[in-house]
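Colleague: structure for this input, please:
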Amino acid sequence: MPVQYDHYGPPNPGVDKFPANAVLPRHRHHHGYASVVLAGRFTEASFWGLMPAQPGDVLLHGRFDCHCDYGQGGTSKVQILRLPWINDHVEGHFRISDPDEIVRIAKDDPQVAMEVLAQRMRPAQVTDRHWTHLLAMALRSEEPLLLQQWAARMGVRPEALSRGFRRYFGTSPKLYRLEARSRRAWQQVVQSPQTLTAIAHECGFADLAHLSRSVRALTGAPPSAWRASVRSVQADARTTA
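Modeller: This next block holds a predicted model:
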């Protein structure tokens, strides 16, 4: 299924609580944010794959990340601290040794809490990965991928591949790959000086029109509008310098 709903505004810093077996359908955030796990366990499926989260884990989301979440049950409610996160270059699954310290700092200043989090967190080490995570990583890569060949290599029945992937990620492998590609292209649009045509070719789109449709579907605006916005910000910065 496609993304079911959007979060348009920036996240409100603070602690959120969810039932232990809560399920959040696939959704998209227009602003980046960090989730510091304080209690409970859940699994998140995003552009960074399948991430089993427990207390002390940190999940970083850049702008236009699409993901869904599944509570793992048990007796403890899921509690997470939400903080703004503005670094689209750093995303994924991390850990921190003292999440309560970040909570204490965030009560006074969420911005400082975000800075301390960036200094203290370390990449999470997860060794037991479900095959859907491996498929997500393959779909997210820039290398061509034939699903039937991948299924045969991994020992997954072809008829079970799409069904199993949708069960965890809330969408089909085909749409997941398109959205991941569109997000990668959008990042290049706003961060690199390459022409839009060059970006379309590099990211595997048929042409500029295909790129424009896909980026608009993911972000709400075409690449030309994003590029114009970047230039406007740069011009304002030069004026005030």
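Colleague: all strands of this structure, in order?
Modeller: 5-7, 14-18, 23-29, 33-39, 42-46, 49-53, 57-61, 66-71, 78-84, 92-95, 122-123 (DSSP state E).
Colleague: give me the distance from the first one to the chain's centre.
Modeller: So the one you mean is strand 5-7. Between the mean C-alpha point of strand 5-7 and the mean C-alpha point of its chain there is a distance of 13 Å (CA atoms, centre = their mean, to the nearest Å).
Colleague: which ones are touching the most centrally placed residue in the chain?
Modeller: Note on the chain: the residue nearest the mean C-alpha position is Asp65, at 3.4 Å, using CA atoms, centre = their mean. Neighbour list for Asp65: 28-29, 32, 46-47, 91, 183 [criterion: CB atoms under 8 Å, 6 or more residues apart in numbering]. Where C-beta positions appear, they are placed from N, C-alpha and C, glycine not excepted.
Colleague: what's the answer for Ser214, then?
Modeller: Going by CB under 8 Å, 6+ apart, the list of residues near Ser214 reads 178, 181-182, 185, 205.
Colleague: thinking again about what came up before, between the contacts of Asp65, which sits nearest Leu139?
Modeller: Distance from Leu139 was checked for each of the contacts of Asp65 by CB to CB. The minimum falls on Phe47, at 9.4 Å.
Colleague: can you list the domain ranges for the chain.
Modeller: Residue ranges for the structural domains of the chain, counted by automatic domain parsing, are given in the record as 5-123, 129-171, 172-241.
Colleague: return the most buried member of those domains.
Modeller: A comparison of the domains of the chain by mean neighbour count, using mean count of other CB atoms under 10 Å, puts domain 5-123 on top with a mean of 18.
Colleague: gap between the two ends of it?
Modeller: Using CA to CA, to the nearest Å, the end-to-end distance of domain 5-123 comes to 29 Å.
Colleague: how far does it sit from its chain's centre?
Modeller: Distance, stretch centre to chain centre, for domain 5-123: 11 Å (CA atoms, centre = their mean).
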